[in-house]
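In: Predicted coordinates and the sequence they were generated for:
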Amino acid sequence: MPEPGKPPKSPAGDGLPPLREVIAALEIDAKKSLGQNFILDLNLTRRIARLAAPLDATTAVEIGPGPGGLTRGLLMEGARRVIAVERDQRCAPALAQIGEAYPGRLAVHLGDALDVQWPALLPPDAGRTVIIANLPYNVATRLLIGWLETDPWPPWWERMVLMFQKEVAERIVAQPGTKAYGRLAVISQWRTTPRIALTLGPEAFTPPPKVASAVVSFLPRAQPMPECSVKWLGRVTAAAFGQRRKMLRQSLKTLVSDPLPLLEAAGVAPELRAEQLDVATFARLAHVAEHLGSSR
Ligand code: SAM
């Protein structure tokens, strides 16, 4: 932190000290248990923030702001408001300083993002809302699935811009017939149109992680087609991909004692394997399974 009364160095132009100084002054040594790999380059965080544009009438919900690199990027790019949820108390002074530089535009909640009741966090006048984060890798997919399983649909967020390990990003956008295609692809693509917007090497982070990362942008589908319940889609994909090398007539036995009537009613060949079904077919199977289940 700069000394009081002394103008801070401000290479990025927001009047706040460089992030490297901030983490040194607050002694925020990165904790692996919190998935802390910080982005200290504000040009890069501004670029990520712009993926959620237009920001001027937008409330950005940010998970894990850390010392505030992406938070500053969002505010510099004109986000009307940022609501940030951070578990690491050591980051509080840095975030408070950002809040002072942008009066009324940053609200910080110190706590675990896994415990948050999301819509309740939003003010009544939130307007267009986006979720944006360089996610802690250890809770990233759990958080993502929570946002994808939101009820009612369309959800409370209008776009998500999320950084994952590249391997996870590839599983989200994977197509049928590939090794990466699985439950994450089905739920992601049933409810949204995910696309990889940016790929970053380890050198973009401090400390550098072992693997590459990628930012995925998710736009919610107005109405997933075909319609089915999230719960049953989860059950069907868990059974099918739980034994992904087996034919569906075998793997779906963990869901129903005899899968053949279900497969026939859904128009799916019993010899197929999970990774051969597209997302729409999974949704159809889930719809039929729910119907058969409730009529028994
Ligand atoms: N946004 C910062 C950046 O891009 O430099 C930090 C990103 S770092 C990958 C992940 C952040 O999430 C860390 O600041 C970490 O403390 C925070 N975090 C980890 N687990 C969390 C949780 N369960 N709830 C809220 N924040 C969490």
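Out: Everything's here; your move.
In: Any buried residues in the helix ranked longest in the chain, and which?
Out: Looking across the chain with DSSP state H, the single longest helix is helix 279-295. In terms of neighbour count (16 or more other C-beta atoms under 10 Å), helix 279-295 has its buried residues at 279, 281, 282, 283, 284, 285, 286, 287, 288, 289, 290. All C-beta atoms are positioned from the backbone trio N, CA, C, and that covers glycine.
In: Output those in TSV, with pLDDT and distance to the ligand appended to each entry.
Out: Formatted as TSV, those follow (pLDDT from 0 to 100; distance: C-beta to the nearest ligand atom, whole Å):
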residue	pLDDT	distance to the ligand
279	97	29
281	97	35
282	97	30
283	96	30
284	96	36
285	97	33
286	96	30
287	96	34
288	96	37
289	95	33
290	92	32
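In: Which members of these are the farthest-apart pair?
Out: The most widely separated members of the buried residues of helix 279-295, counting by C-beta to C-beta, are 279 and 290 (16.7 Å).
In: List the contacts of residue 143.
Out: Shown in contact with residue 143 (C-beta atoms under 8 Å, 6 or more residues apart in numbering): 63, 113, 114, 135.
In: Surely the last one and residue 62 touch.
Out: No. In this structure, residue 135 sits apart from residue 62 without contact. The criterion is C-beta atoms under 8 Å, and the distance is 10.2 Å.
In: and the two? which has more neighbours close in?
Out: Taking other C-beta atoms under 10 Å, residue 135 and residue 62 do not tie; residue 62 has more neighbours (27 against 23).
In: so where do the strands sit in the stretch 1-150 of the chain?
Out: 58-63, 81-86, 106-110, 128-134 (DSSP state E, counting those that start in this stretch).
In: Those: which one's closest to the ligand?
Out: Evaluated with C-beta to the nearest ligand atom, these place strand 128-134 nearest to the ligand, the distance being 3.4 Å.
In: Give me the below-cutoff pLDDT ranges for the stretch 151-296 of the chain.
Out: Low-confidence segments of the stretch 151-296 of the chain (pLDDT under 70): 293-296.
In: And for whichever residue of the chain sits closest to the ligand, the neighbour number?
Out: With C-beta to the nearest ligand atom, the shortest gap between the chain and the ligand falls at residue 64, namely 2.1 Å. Residues near residue 64, counting by other C-beta under 10 Å, number 24.
In: Tell me if residue 219 really is in a helix.
Out: No. Assigned with DSSP: H, G, I helix; E, B strand; the rest coil, residue 219 falls outside any helix and is strand.
In: for it, what are its contacts?
Out: Taking C-beta under 8 Å, 6+ apart, one finds 159, 192, 193 in contact with residue 219.
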